[in-house]
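> sequence below, structure please.
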Amino acid sequence: MTIVPTKVLLAQTNFHQVSQWRLQIQNRIYSDEFLADACGQSTPVSQIFKRNGSFVPGPLESRRRLGKRRMVYAFESIPINKSDSWSWWRCFQQYDLTEWKWEPPRSIAMNQETKLDLSQFSSGAWLLSIFNFSKKKNSPSSSSELNCFNSELLKEQVTNLRVSMKKDSEHTILKASRSLNHTLENFLHQHIICEIKTIQLLDEISQDLRKYVTRPNLATFLCCSLYQAAWKGLKASISDTHALNMSETITPILRGLSKLPSTPTVQKLVASIIQYLPKTETEKIPYEIYRSIFTSWSSSWCEDLSRVDLFDYQAQYLSDIYKKHYSAAEEIISKVENQLSRLDSQINVKIKAYDVNISLPEIRLKIVSGLENIEDAENLLTPEKLSASNLAKALDNLPRNVMKTLLIDCSKGVCEIFQQDDFDSALRIKKYWLLSISQITSLNNEEFLDLWMYMDTCGKPLSTFFYPELLINRWESHSSLEEHLHIRNEIKTTRLFIKDSFGPWVSLINAIYKCYSIETHFERIGLLFSSLRALGKVDDMGQTVLNLIDINPRLSAEILEFIVETLIDHNPETAWKVVMLSRIMAPGRKYRSRFFPNGDHRRLRYSRCPKFVDWMIYDSKINPIYIWKLLRVRRQSSYQSRYRNQPSPKPLHPEIEALFKRMAVAFAHSNRLSPRQAFRNVMHCWHQLCHHKLPIDKTVVKALIHSGITRWIENGLWVSVARQNWLYYLLEQTEGTETADQASQIVQDWNNNITLSKKRKQRELNVLCVGQID
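Predicted structure coming up:
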């Protein structure tokens, strides 16, 4: 076995790396003639280069035990079969390769130690780091000739466009504008013309188009296509060095677009520009430009955008897309029907359930794709929806303070339009403005409800079946596409209680239970009821809950408490019906979470509904015994004698403590109860508080004195001495001895008057009495 020195191995390793780099360059360029002189005669080397070496054991190892070992040196190689895009080839357009000469790396050992990962560099940058290319040295004469040629070409196309304007031929104008747009986009992309000249050119051409083109819609389309070409060129030419001046170059484009009528093409271009800009750059654009753009955008919904005067080729293009979407949807529906019939036949033959479950996801995917095609076709028929979504995306990309001020100003402007225009156009503006607001994800639910309530008060209300659409748009960003499509389809196909105003909300809750995941049910239903309360539709809220019985609803305790507390001020009878139905609405084992791993079995908590408890005590005809049963609180008499005075080891929740104190005051002042009933129920509240070792409270002591002394005096009844002594003891601990002495003196005088009046009445009734006379 030959022993190879380490120096020879290092030299061979470095030679191998250099040869591998050269092979990689040849494979990337795909040309033998390009680097024939550079690479010279390169020897083909395999991908992994192996060489046998010797192994010398250490001092503590036995040569006999190890035997003759061979060590294989495997050298890493760069993969040569990597497929790269041709974007790196553009880097060579700026470099001259005629005078190129091979220069070896500065230090092979340095390259070996660092082991740079060349995959992190782009293809062109990697090649330029290996070869020492010199940039193309354009002579001043050649560069000036090129600039003169480019300027003459651009001027020639501008003059052609102006000549075609005077001829007033639509075909020639479109042809000239296309060539000008193409040239302008290429020149901006290649930095041939500066941005200042571009801005001047755009202003001049747009003024000429609006001045000389008689058809206004054609002038708007030509100006928009011109700005679109300029935006594409600037977007392609923007680099990291130009990122700081991005707003300065785009502000004139937005200013020019703000002067145009707001058509769907203009709206789409504005939305794409604002979405591309970072929020740090959108702050630098003047607020007046934003306001004029979005005000004209919202006012454009006065007219039906589908009836906007289109050109022949545009109308043909839209109709072709529309037919394509519907034909695809019909084809998918036929496939789904065939597959479902095949499944029915398989089930009748009693095939295994495993085979059926495999084919069901395919059917679901086909149904989702069919719904997508149908929705795209509907968007073509109603372009206002697409316009509203573009407006929401543009507003969502603005800074939060700018977005909120814009929403407030534009909402006021829209409300002013309601007063000026006719009924149909005002409703159309209101509808799509609310649709755009509902799709802004950066708005909180409270801010969205405030804007919704403000817009709902302005003008006449919209149809009841439109409002659930707003909530679905709010949930669109937090749900999958499949859920979103299924819930829209469910609401459109199954409409419950069509004649009633609460029908859309019942159908929406039904769709939530069917289409959305269990984890999101309570959040979305809670937003639904909070929006109803914000809009002032409290009666619809109650009727919605009462008509959910057929759906077998499951509502969390928080939602039920919110509904009951809202209804009690407007319609207490409906609130009582909701409370009676709440027993069957407990979520149960199916609704599990990390807080409730065994299921959410909570029912209505009356500590969160103090107004409802007050109504039961003050105004209802409910027996107090049934009130305590409803609260699931055992009365003191139901305990055994040995357990009555034993304190509870569990602390009382602060909300329940506040509820007992509130109930004590309510029982004490309830006029429908007799003084004896009132005092017994206040005593029961007192026992519940003492059972949990709570300190003496002024509120409960006052309630005891009012129900046990004051109301007895008001009804002309005798106050027992034992009750007086106990109540004065409590009053002395809370208010002091002076207050207790004053109260005892008043009650003592009252009892004396009672005794004197009784004796007087007895003497008057017993006229023929014998014995001692007073």
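> mind splitting the chain into its structural domains?
Using automatic domain parsing, the domain parsing of the chain gives 6-135, 140-285, 465-604, 639-765.
> for those, which has the smallest mean pLDDT value?
Out of these, domain 6-135 stands lowest, with a mean of 48 (criterion: mean pLDDT).
> does the closest residue to residue 709 other than its chain neighbours sit in a helix, a strand or a coil?
Nearest residue to residue 709 in three dimensions, chain neighbours excluded: residue 719, at 5.6 Å (CB to CB, 6 or more residues apart in numbering). In short, each C-beta sits where N, CA and C put it, glycine included. Assigned with DSSP: H, G, I helix; E, B strand; the rest coil, residue 719 falls in the coil class.
> could you do residue 398 as well?
coil.
> burial count for it?
23 (other CB atoms under 10 Å).
> I'd assumed residue 274 was in contact with it.
Yes. With contact defined as CB atoms under 8 Å, residue 398 counts as touching residue 274 (6.9 Å).
> spit out the residues that contact these two alike.
By CB atoms under 8 Å, 6 or more residues apart in numbering, residue 398 and residue 274 have these common neighbours: residue 282.
> follow-up on the earlier one: please report how far the residue nearest to residue 709 lies from residue 219.
In this structure, residue 719 and residue 219 are 95 Å apart, going by CB to CB, to the nearest Å.
> again with residue 432
From residue 432 to residue 219 the distance is 25 Å (CB to CB).
> list the buried residues for stretch 276-286?
Of the residues in stretch 276-286, 277, 281-282, 285 count as buried by neighbour count, 16 or more other CB atoms under 10 Å.
> TSV for those, including distance to residue 408 and secondary structure?
Compiled in TSV, the buried residues of stretch 276-286 are given as follows (distance: CB to CB, whole Å; DSSP: H, G, I helix; E, B strand; the rest coil):
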residue	distance to residue 408	secondary structure
277	22	coil
281	23	helix
282	18	helix
285	19	coil
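> between these, which sits nearest residue 616?
Set against residue 616, the nearest of those by CB to CB is residue 282 (55.8 Å).
> with adjacent residues omitted, what lies nearest to the closest one?
Closest residue to residue 282 apart from its sequence neighbours, by CB to CB, 6+ apart: residue 398 at 5.5 Å.
> neighbouring contacts of the helix or strand harbouring residue 712?
Assigned by DSSP states H and E, residue 712 belongs to helix 711-714. By CB under 8 Å, 6+ apart, the residues outside helix 711-714 that reach it are 668, 675, 678-679, 718-719, 747, 750.
> could you redo the last one with a cut-off of 10 Å?
668-671, 673-676, 678-679, 705-706, 717-720, 723, 746-747, 750-751, 753-754 (CB atoms under 10 Å, 6 or more residues apart in numbering).
> show me which positions of it end up buried.
By neighbour count on 16+ other CB under 10 Å, the buried set for helix 711-714 is 711-713.
> residue 527: what's it in contact with?
445, 448-449, 471, 474-475.
> kindly apply the preceding question to residue 657 instead.
Going by CB under 10 Å, 6+ apart, residue 657 touches 607, 651, 688-689, 692, 694, 697.
> tell me the one among those residues nearest to residue 625.
Comparing these against residue 625 with CB to CB places residue 688 closest, at 14.9 Å.
> now the terminal residues of stretch 562-575, how far apart.
11 Å (CA to CA, to the nearest Å).
> hmm, back to that, the more surrounded of residue 719 and residue 219?
The neighbour comparison of residue 719 against residue 219 (other CB under 10 Å) goes to residue 219, with 21 against 18.
> the more buried one: which element?
Judged by DSSP H and E, residue 219 forms part of helix 216-237.
> residue 438 and residue 451 touch, don't they?
Yes. The pair residue 438 and residue 451 passes the contact test of CB atoms under 10 Å, sitting 9.3 Å apart.
> quick one: the strands in this structure, in order.
In the chain, the strands defined using DSSP state E lie at 52-53, 71-72, 95-96, 134-135.
> quick check: residue 159 touching residue 153?
No. In this structure residue 159 lies outside contact range of residue 153 using CB under 10 Å: 11.0 Å.
> report how many residues lie close to residue 686.
With other CB under 10 Å as criterion, residue 686 counts 22.
> just give the closest residue to it, not the sequence neighbours.
The shortest distance from residue 686 to any non-neighbouring residue, by CB to CB, 6+ apart, is to residue 700 (5.7 Å).
> from residue 254, how far off is residue 287?
12 Å.
> higher neighbour count, the two?
residue 254 (22 against 12).
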